[in-house]
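[1] Need a 3D model of the following:
(chains A and B, ligands or ions: 2)
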Amino acid sequence: MRRFFSLRRLAALWKKEVIQMRRDKVTFAMMLGVPLMQLILFGFAINNDPTELPAALVAPTQDHYSRAIVSALELTGYYRFVYPGVSASEAERLIASGDVSFVVTIPSDFGRRVDRGDRPTLLIEADATDPAVASGAISTLGTVASEALLHEMRIASRDDANPRTHLNVIVHRRYNPDGISQYNIVPGLLGVILQMTMVMMTSMALTRETERGTMENLLAMPATAMEIMLGKVLPYLGVGAVQVIVVLGAAKLLFQIPFVGGLGLILMGVLVFVLALVLLGYSISTFARTQMQAMQLTFFYFLPSLLLSGFMFPFRGMPVWAQWIGELLPLTHFLRVIRAVMLKGSGYADVQASMLALGLFVVFFALLALARFRRTLD
Amino acid sequence: MTGAAVDVSGLVKKFDGKTVVDHVSMRVEHGEIAGFLGPNGSGKTTTIRVMCGLLIPDGGGGTVLGYDLRQRHKIKREIGYMTQRFSLYEDLTIAENLDFVAGLYGLRPARRYVRDALADLGLTARRDQLAGTLSGGWKQRVALASCVMHNPKLLLLDEPTAGVDPKARREFWDEIHLRTENGLTVLVSTHYMDEAERCHRVNYISQGKLVASGSVAEVIAESRLTTWIVDGPHLSDAAHLLSGKPGVDEITHFGKTLHVVGRDASALERSVRAVARTTGVHAQIGDTTLEDAFISFMTNGEGGAR
Ligand SMILES: Nc1ncnc2c1ncn2[C@@H]1O[C@H](COP(=O)(O)OP(=O)(O)O)[C@@H](O)[C@H]1O
Ligand SMILES: [Mg+2]
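    Ligands and ions are numbered 1, 2, ... in the order given. Here you go, the predicted model:
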């Protein structure tokens, strides 16, 4: 029997954890129920296509063309022009304060350009902080505006006009330079769901033994800190795998999220991420003395990681100090990997930095937990 | 192996500045059953935990099975420790618990070790019962099975029979005696006097200090107590009159007799005879029991024999 590490001892610890996990019906149900519940909740939020969003119109010269475009936009149901005639600076203030979600600017030379047969320009600024809000409205904009213009020109019997060159629509997605779209949410959700269950479950790993009094027996037997750690966290890789299948399957079937990149790379990212998570949870359990403390520490980690990882708010839109904190969260790096690979089809080289960061978390949390592990009852 | 199975000296353990184990020295010879006695909170569990490497002593040291106390990993593999509180997994069955333990000790084939351990302790019929659903006596058997499965050289048993019915207690002790015949050394803490009498040697600890150790006869002799057994009518009157008289340290009711115990034999005799004359009770000299000795050690605290 080896002194420092023995596969047989690890296997015994692993088997025991799996049996306990299986017998704990509530926890087991939660591990599968939580991802499904979250997916459905978030899924509906995503499918909810908001309408009647407040908009401001900046149109120094209000002619029949601009009126036609504005009424066509209102007819789509997405826009409601609550500020139909404001100056550019007023509009800037309105969108910054969140009073309007859109600012539509029709330049003063718009009518002249149409009449001249030039290519007129239409500028739309969208508050893209909430991607679900902006995307539906923006996607309809180009066609609706062009059609309205075309229609208006036919009335003016300018049927020589070529619709293809008629309108140049410039869209500015404000406050969301990464261009987070609703597609970004579901891959991100995979990270959040994994994080929630993995960290929460493993954060109880040692405190549960201590509270039930089984720690004394465990420590009296020849298991090493490394074996106990691996025995406690490895069973959760299996749980993680099931969750990944559930979420990715749902992403494909329910929400038609595209899979552009390689599945292998996605799974590799998930594996490293889950390892980092279970070791983080286990580290928490070496700090906590009771299960209650473990829960509190876990939530102490959850909140910043939801807010500062780029899951809820675009990462590059955050103040620099917040970005620095974000860099210290595994979720941030996982989101970069999964979004890049799933949505943009990035290869390993593109996500290498984030992968390495995740790998560093694995090493760091493992060393932290081993250093913190109490080999005695002192 | 040379030397004693347990040979520790000057052990000190403090919790938050409070000294719980105070310079305890103890020897347990190979193949003997050593009793470890003392009232609740006197430091028995803490001393045993230090011996099996679960607590690091603040002072003192020694060897267990020839290994220094600091060689925890080596000690762990050769001892069996049965905790005071049941500390196997209640959500695992008996067989699963034993299988887990077999795996940790690297016993191969685990299945056979588990089967033999179950059979040895009469647990085979209950092998698939969850440990949490067992009664005290059965839990204690499972705990014993799990700590002897790897054939340890030394067993440390912490109040193994607390809350167990007398029949199960007797069976448990028979089992222990059987195993020591095959060379096993046992250190067992208890506060049952009848159990102390089944030990080859006893060690008595009070408020963290070891106040007596030796064979039962030695400990009794060491206490230098004289015991008078008083019987007859009006026992309670006699007890009343005796209390506080010169030489009378302790009066205990035992059914229809009184045990009157004192360290000063001649003063005690005078007091007992005087009371016997006035109340008409019958008094004769008797054997001092281990319990009398321990009560005397406890009440005399530090002043006890060593
Ligand atoms: N981990 C601990 N922290 C603080 N005090 C402790 C701890 N363990 C035991 N004690 C205290 O040490 C004393 C001796 O306890 P213990 O060794 O369990 O006695 P015994 O086993 O003889 O009943 C008790 O007063 C107990 O409260
Ligand atoms: Mg105790």
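[2] For stretch A:140-158, list every residue counted as buried.
    A:Leu141, A:Val144, A:Ala145, A:Ser146, A:Glu147, A:Ala148, A:Leu149, A:Leu150, A:Glu152, A:Met153 (16 or more other Cβ atoms under 10 Å in any protein chain shown). Bear in mind the C-beta positions are built from the backbone N, C-alpha and C, glycine included.
[3] now, among those residues, which is nearest to chain B?
    Distance to chain B, by Cβ to the nearest Cβ, is smallest for A:Leu141 among the buried residues of stretch A:140-158, at 59.1 Å.
[4] Quick one: residues contacting whatever residue of the stretch 201-306 of chain B ends up closest to ligand 2.
    As assessed by Cβ to the ion, ligand 2 sits closest to B:Ile205 within the stretch 201-306 of chain B, at 10.6 Å. Shown in contact with B:Ile205 (Cβ atoms under 8 Å, 6 or more residues apart in numbering or on different chains): B:Val24, B:Phe36, B:Leu37, B:Gly38, B:Ser42, B:Gly43, B:Lys44, B:Thr47, B:Val211.
[5] Could I get the full set of strands for the chain?
    Reading this off chain A. A:53-58, A:79-83, A:102-105, A:121-127, A:168-174 (DSSP state E).
[6] not what I meant, chain B
    B:6-15, B:18-28, B:33-37, B:59-64, B:67-68, B:79-82, B:154-158, B:185-190, B:201-206, B:209-214, B:226-231, B:250-254, B:257-262, B:282-286.
[7] What I need now is the ones you listed written out in JSON lines, including distance to B:Tyr89 for each item.
    Converted to JSON lines, the strands of chain B look like this (distance: least, Cβ to Cβ, whole Å):
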{"stretch": "strand B:6-15", "distance to B:Tyr89": "27"}
{"stretch": "strand B:18-28", "distance to B:Tyr89": "28"}
{"stretch": "strand B:33-37", "distance to B:Tyr89": "27"}
{"stretch": "strand B:59-64", "distance to B:Tyr89": "26"}
{"stretch": "strand B:67-68", "distance to B:Tyr89": "28"}
{"stretch": "strand B:79-82", "distance to B:Tyr89": "15"}
{"stretch": "strand B:154-158", "distance to B:Tyr89": "19"}
{"stretch": "strand B:185-190", "distance to B:Tyr89": "24"}
{"stretch": "strand B:201-206", "distance to B:Tyr89": "31"}
{"stretch": "strand B:209-214", "distance to B:Tyr89": "35"}
{"stretch": "strand B:226-231", "distance to B:Tyr89": "48"}
{"stretch": "strand B:250-254", "distance to B:Tyr89": "43"}
{"stretch": "strand B:257-262", "distance to B:Tyr89": "46"}
{"stretch": "strand B:282-286", "distance to B:Tyr89": "49"}
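[8] Beta-bridge partners for the residue of the stretch 201-306 of chain B closest to ligand 2, please?
    Note on B:Ile205: beta-bridge partners by DSSP bridges are B:Leu210.
[9] That one and A:Ala225: what is the separation?
    Look at B:Ile205 and A:Ala225: by Cβ to Cβ, to the nearest Å, they are 32 Å apart.
[10] And A:Met355, by the same measure?
    In terms of Cβ to Cβ, A:Met355 sits 27 Å off from A:Ala225.
[11] Which of the strands of chain A has the highest mean neighbour count?
    strand A:102-105 (a mean of 24; mean count of other Cβ atoms under 10 Å in any protein chain shown).
[12] That one pairs with which strands?
    With DSSP bridges as the test, strand A:102-105 is paired with strand A:53-58 (parallel), strand A:121-127 (antiparallel).
[13] could you give the mean pLDDT of the longest one?
    Going back to what we said before, that points to strand A:121-127. For strand A:121-127, the mean per-residue pLDDT is 84.
[14] Run the angle between it and strand A:168-174 for me.
    Calculated by axes from the mean of the first three to the mean of the last three Cα atoms, to 10 degrees, strand A:121-127 forms an angle of 20 degrees with strand A:168-174.
[15] In chain B, what residue lies closest to chain A?
    Counting by Cβ to the nearest Cβ, chain B gets nearest to chain A through B:Gly103 (2.4 Å).
[16] quick one: contacts for the residue lying closest to that residue once chain neighbours are set aside?
    Excluding the flanking residues, the one nearest B:Gly103 by Cβ to Cβ, 6 or more residues apart in numbering or on different chains is A:Ala12, at 2.4 Å. Neighbouring residues of A:Ala12 by Cβ under 8 Å, 6+ apart: A:Gly231, B:Asp99, B:Phe100, B:Ala102, B:Gly103, B:Leu104.
[17] can you check A:Asn168 too?
    A:Arg119, A:Pro120, A:Thr121, A:Leu122.
[18] measure it to A:Ala322 for me?
    Taken as Cβ to Cβ, the span from A:Asn168 to A:Ala322 is 36 Å.
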